[in-house]
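In: 3D model of this:
(one chain, ligands or ions: 1)
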Amino acid sequence: MGLPTAASVADLAVAARTLALRALSPLERALGARGGPGGAPLPPLWLRRHAGPVRAFRPSAEQALALLDRLGLVRPGLRVLDFGCGPGSLVPLLSGRLGPDGAYLGLDLHAASIHWCREAFAGDPRLRFERLEPAASRPWPAAADAWDLVLAKSVFTHLLEEEARAALAEIRRALAPGGRAVVTAFLFDGATFAGRPLPWFPCPDAHAEVRWRRAARPTAAVAWARESFAALAGASGLEEERFVAGFHPGGAAPPAGQDTLVLRPSD
Ligand SMILES: C[S@@+](CC[C@H](N)C(=O)[O-])C[C@H]1O[C@@H](n2cnc3c(N)ncnc32)[C@H](O)[C@@H]1O
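Out: Numbers count the residues shown, from 1 in each chain. The predicted structure is shown next:
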């Protein structure tokens, strides 16, 4: 057996954190962790951490819903596909807005999140959750041309080029005519930063159009040159309709989540 690599040490650190939070989760429940608005179920601590900083679990979902509202993208009867849904942070807020004829499908690689969502939201027949198999699960288990709104909140921040390309193609396949995709990402100005380091995304180098924060775990946080992301989306038949600037790690106080793109079919 060889020496552990930086990548295996980083993976071990995440696994150890998950174990510690799993051990603490029953304690949190015993101490009376409260559910969401209207008694909406709250995922255990370790699953909330899987979706990002624990303290941001609800505020970040509320911010996202507020932005969708500002953009006029939520209405009764909506069919929503949530790519990388995690433990369903958006579900309690969104499901209250879909009306009786709306539908929601959450997709994620993370089996435990999907399992939890299925149990927690089992009483609502409008909601479905499917696990994606790593790399192999394309096409997604989602009907083509069928979804009015495809969400990908804080997912492209974890995808490198090949996965991102495949996901954009699936988003395009899933979108109904007139539908929109709302995708968050860390985007930087490729022209400004050509040959210049991005302090919070130093890897692999200052010339890359896709950069990441930690050499040992590239998918922990990925940033894209905005032009490159647009080109990748364009190659899948998606074009930018709107851009809402967000915060970046290391940037000023985060008022509004990650950069957000509204994409629409270009053909
Ligand atoms: C930062 S969390 C965001 C979760 C949720 N969208 C939210 O905002 O609360 C990223 C999620 O994307 C999922 N994910 C990462 N790569 C993925 C992939 N290739 N396919 C599907 N899900 C993925 C992770 O399992 C995780 O649940």
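
In: what helices or strands is the top helix by length along the chain leaning on?
Out: The residue-count maximum for a helix in the chain (DSSP state H) belongs to helix 6-30. For helix 6-30, the elements it packs on are helix 45-50, judged by 3 or more C-beta pairs under 8 Å, 6 or more residues apart in numbering; DSSP states H and E. C-beta here means a position set from N, CA and C on the backbone, and glycine is covered the same way.

In: can you tell me the average pLDDT over the helix it packs on?
Out: For helix 45-50, mean pLDDT rounds to 94.

In: what's next to it, contact-wise?
Out: 17-18, 21-22, 24-25, 28, 33, 42, 54, 57, 86-87, 89, 110, 112-113, 116 (C-beta atoms under 8 Å, 6 or more residues apart in numbering).

In: can you select the buried ones from those residues in PyMOL?
Out: Remark: buried members of the contacts of helix 45-50, expressed as a PyMOL selection using 16 or more other C-beta atoms under 10 Å:
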select buried, resi 21+25+28+42+57+86+87+89+110+112+113+116
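
In: which of the contacts of helix 45-50 come close to the ligand?
Out: Residues of the contacts of helix 45-50 in contact with the ligand (C-beta under 6 Å from any ligand atom): 86, 89, 110, 113.

In: need the max-distance pair from those residues.
Out: Greatest spacing in these, by C-beta to C-beta: S89 and H110 (12.7 Å).

In: so which residues on this protein come close to the ligand?
Out: So the chain meets the ligand at 50-52, 84-86, 89, 108-110, 113, 132, 153-155, 158-159, 163 (C-beta under 6 Å from any ligand atom).

In: at 5 Å instead, please
Out: By the rule C-beta under 5 Å from any ligand atom, the part of the chain lying against the ligand is 51-52, 84, 86, 89, 108-110, 132, 153-155, 158, 163.
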